[in-house]
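Asker: just coords:
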């Protein structure tokens, strides 16, 4: 019996140590990557949003994907467009510094309402939405449900179509599990996640190398905070179902759209998502960014910039004569 008591004590002490480490990790990470914008109430959610550029200028909304935050798209795009545009980025619900509702926070309808709330409270007039990966599904849903807020779309390495054989990574499935997922995210992820992030980041950039200082520039350590990690996992595990609910409507979407993808991507299949979207969307155009994996916006920023300008031209009113 003594060995059972000793084992139980060891488990308890290990849990206490891991919980303390998680708290310390969260504190250190938030000190290193503090909020850089303001907070907006959207659909009962406290959304962290960052803005640059003149009030009243044409707007561009940036929507990041899974396991990320607003810095992902802000870094390569904000400085380029803020002189003549109002650039807005926000942390999707549960990630970065945004909160999240407790039930159905993964639903695209809810996430689109939050995005619409950001647009409604950061200016007037429709915006061009630039979205990466899973954020592209949110952008499409905004265009479907709130067309008056959207001028056009630029979708970078999008994830938006259902795939019957799709199976999230084991850690995402475990993180999304009730009770056990909370234990995993609160005790294990902050301890092991940062050390294992290098391989995950490399898979995103494959076949190209990871740019120097990318993790710091994109605030990658923020994702290993328990709440953020679990929120992202819940989004990923629900994605296939959510895609299935909205994808039948894509053919009705007349919003001018440019889709940017690599030939090969270890995270999201270009064939099942980007190429299929380009065929389905009546006003969709496809751009191939060679050897950029899942990160065209970081490796071929010039193509993303050109796509935004292309959509801007397509949606600008003709000059009066």
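Answerer: Yep, it's here. Because the structure is predicted, anything quoted here is derived from the model rather than measured.
Asker: For residue 74, which non-adjacent residue is spatially closest?
Answerer: residue 89 (4.6 Å; C-beta to C-beta, 6 or more residues apart in numbering). From N, CA and C alone the C-beta is placed, and that goes for glycine too.
Asker: which residues touch the host helix or strand of the one you found?
Answerer: Using DSSP states H and E, residue 89 sits in strand 86-90. Strand 86-90 has contacts (C-beta atoms under 8 Å, 6 or more residues apart in numbering) with 37, 40, 47-64, 70-71, 73-74, 77-78, 81, 96, 98, 114-115, 118-119, 122-123, 127.
Asker: and that strand, which strands flank it?
Answerer: strand 45-52 (antiparallel), strand 59-63 (parallel) (DSSP bridges).
Asker: Rebuild those as JSON lines, extending it with distance to residue 187, mean pLDDT and mean neighbour count.
Answerer: As requested, those are exported to JSON lines (distance: least, C-beta to C-beta, whole Å; pLDDT from 0 to 100; neighbours: other C-beta atoms under 10 Å):
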{"stretch": "strand 45-52", "distance to residue 187": "26", "mean pLDDT": "98", "mean neighbour count": "20"}
{"stretch": "strand 59-63", "distance to residue 187": "31", "mean pLDDT": "98", "mean neighbour count": "27"}
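Asker: starting at the chain centroid, how far to stretch 69-89?
Answerer: 14 Å (C-alpha atoms, centre = their mean, to the nearest Å).
Asker: Could you tell me the end-to-end distance of it?
Answerer: Stretch 69-89 stretches 9 Å from its first residue to its last (C-alpha to C-alpha, to the nearest Å).
Asker: hmm, back to that, dump the strands paired with strand 86-90 into a markdown table; add distance to residue 173 as well.
Answerer: Listed next are the strands paired with strand 86-90 as a markdown table, based on distance: least, C-beta to C-beta, whole Å:
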| stretch | distance to residue 173 |
| --- | --- |
| strand 45-52 | 25 |
| strand 59-63 | 24 |
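Asker: between those strands, which one is nearest to residue 305?
Answerer: strand 59-63 (10.9 Å; C-beta to C-beta).
Asker: what does that closest one contact?
Answerer: So strand 59-63 is in contact with 70, 73-74, 77-78, 81, 85-90, 92, 115, 118-119, 122-123, 125-132, 135-136, 138-139, 308, going by C-beta under 8 Å, 6+ apart.
Asker: Helices - which of these land there?
Answerer: Per DSSP state H, helices hold the following members of the contacts of strand 59-63: 73-74, 77-78, 81, 115, 118-119, 135-136, 138-139, 308.
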